[in-house]
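Enquirer: what follows is a protein structure lacking sequence information:
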């Protein structure tokens with residue numbers, strides 16, 4: 001039995017909180033679920049996984065969940081089967097830091113270590129930090 005809610009679907013649709021592709025994929029899963037990434041790619045003619053990647057995003061938001069596995073008829077690999085939940089409001093997705101943000105954090109850590117004049121692990125960390133700076 002599907003764990004769906006028509007009122008949750010309408011709440012999500014009315015709220016406008018999902019991006020265009022997310023909403024299109026959510027609607028497809030609501031109407032056809034459970035579905036796999038393969039099903040989504042086939043339905044939308046998606047060659048670059050633009051639609052397929054929305055399944056994971058919607059899962060992180062709590063709007064979809066993995067309900068099983070099926071075998072992809074083309075590749076023979078296992079595919080997760082996704083279906084909608086009865087959640088009417090998406091969870092916030094924790095954004096992954098960009099490379100620039102990561103590099104900035106590492107640079108700040110290096111500066112703190114340099115300012116403290118600390119030689120960590122007999123210079124091994126310091127040698128690594130010097131190589132990283134170059």
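Expert: Thanks, I have it. These numbers were taken from a predicted model, which means no experiment stands behind them. Numbering: from 1, shown residues only.

Enquirer: are we agreed that residue 80 is in a strand?
Expert: Yes. The assignment for residue 80, made by DSSP: H, G, I helix; E, B strand; the rest coil, places it in a strand.

Enquirer: who's it bridged to?
Expert: residue 69 (DSSP bridges).

Enquirer: pLDDT on stretch 101-115, on average?
Expert: Within the predicted structure, the mean pLDDT of stretch 101-115 is 82.

Enquirer: so what's the residue minimising distance to the centre of the chain closest to, chain neighbours aside?
Expert: For the chain, the residue sitting closest to the mean C-alpha position, by C-alpha atoms, centre = their mean, is residue 57 at 4.2 Å. If you skip the residues right next to it in sequence, residue 57 has residue 22 as its closest partner in space, 6.2 Å away by C-beta to C-beta, 6 or more residues apart in numbering. Heads up, the C-betas are built off the backbone N, CA and C, glycines and all.

Enquirer: understood, closing this out.
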